[in-house]
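>>> For reference, the sequence and a predicted model appear below.
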Amino acid sequence: MSSIAFKIGPFPIHWYGIIISFAFALGMLLAFYHAAQRKINMDKFYNLVIIVIPAAIVGARLYYVLFRWEYYTANLLEIFAVRHGGLAIHGGIIGGVIAGLWYIHRSKDLKLWTCADIVAPSLILGQAIGRWGNFFNQEAHGGQVSEEFISRFPHFIQQGMLIDGSYYHPTFLYESLWNALVFLVLLWLFRRRSLGEGTVAASYLILYSIGRIFIEGLRTDSLMLGPLKAAQVVSLGAIILGIVIIYFRNRQASGLK
């Protein structure tokens, strides 16, 4: 299976780039729609998105590179070769949050938790789509599986997970499906105006992280923190943070002290 969709002259256009671009575009459209529903300052929200997206991409790449620094110090030009993959969602969230906090603090017209709730469904939708970029790069898969096991999946999944003569767990698919389910839950929560602001964003942290902890356990290409898988450690922290946010935001919304 080729990771190249087509060529423009001598320049290859990779499926990974196409899928990630589509994920960003669809996520942005959904975020603009939700922002309009909440009647926030659209000019300021457009500016927020313009700042957050590049920061998220840079954060996603830096996070990945730092965890693989030994390799990249010997291959410096590969740092910029994002067409090969290597965008870590946790780094993207960190980069996007830092940029978003900075702009919201400066703008004065945007509310942090309102914006977080607007962005959360778009983010998980983008992740659900973006995982298919990993499929075309034949990355983010799990350990080896039998031909009998992989035969339960559609033929094109079987072919994509046939790497160097062996079949592998399509963990990209597991996460994509889980993210799609989380997306539907967040949409439902977003429509419940009685919930405290920040509940949708916190639910994203909890639900995505629960799935990621289990799926990461199957992957063979995890970034490591010593003996631990970094994504599982960060996901556990995100679950705790999400629970804390929901407790305090809804306590505040109900007027309790």
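Happy to help now that I have it. Residues are numbered from 1 along each chain as shown.

>>> if I've got this straight, Tyr167 is in a helix?
No: under the criterion used here (DSSP: H, G, I helix; E, B strand; the rest coil), Tyr167 is strand, not part of a helix.

>>> Ramachandran angles for Leu162?
Per-residue torsions, Leu162: phi -90, psi 100 (degrees, to the nearest 10).

>>> what sits against it?
By CB atoms under 8 Å, 6 or more residues apart in numbering, the contact list for Leu162 is empty. Just so you know, the C-beta spots here come from the backbone N, C-alpha and C atoms, and that holds for glycine as well.

>>> Report the beta-bridge partners for it.
Beta-bridge pairing of Leu162 under DSSP bridges involves Tyr167.

>>> what about dumping the CA coordinates of the helix or strand of the chain with the lowest mean pLDDT to CSV?
Across the helices and strands of the chain, mean pLDDT, DSSP states H and E gives its lowest value to helix 69-74, namely a mean of 88. Provided in CSV are the C-alpha atoms of helix 69-74 (Å, rounded to 0.1, in the frame of the first residue of the first chain):
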residue,chain,number,x,y,z
TRP,A,69,15.5,13.1,20.5
GLU,A,70,18.3,10.6,20.2
TYR,A,71,17.1,9.7,16.7
TYR,A,72,16.5,13.3,15.6
THR,A,73,19.8,14.6,16.8
ALA,A,74,21.4,12.3,14.2
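
>>> tell me which residues in it are buried?
Tyr72 (16 or more other CB atoms under 10 Å).

>>> likewise stretch 122-133?
Buried, per 16+ other CB under 10 Å, within stretch 122-133: 122-133.

>>> Quick one: list the elements packing against the one helix or strand Phe172 maps to.
Counting by DSSP states H and E, the element that carries Phe172 is helix 171-190. On a contact count with 3 or more CB pairs under 8 Å, 6 or more residues apart in numbering; DSSP states H and E, helix 171-190 meets helix 112-137, helix 199-216.

>>> Averaged pLDDT, that helix. What do you get?
Averaged across helix 171-190, pLDDT comes to 98.

>>> Could you tell me which residues within it count as buried?
Of the residues in helix 171-190, those buried (16+ other CB under 10 Å) are 171-176, 178-179, 182-183, 186-187, 189-190.

>>> I would like the residues contacting it, please.
34, 117, 120-121, 124-125, 127-129, 131-132, 134-135, 139-142, 153, 157, 195, 199-200, 203-204, 207-208, 211-212, 215, 218-219.

>>> and stretch 227-237, how far out from the chain's middle?
Using CA atoms, centre = their mean, to the nearest Å, the mean C-alpha position of stretch 227-237 is found 15 Å from that of the whole chain.
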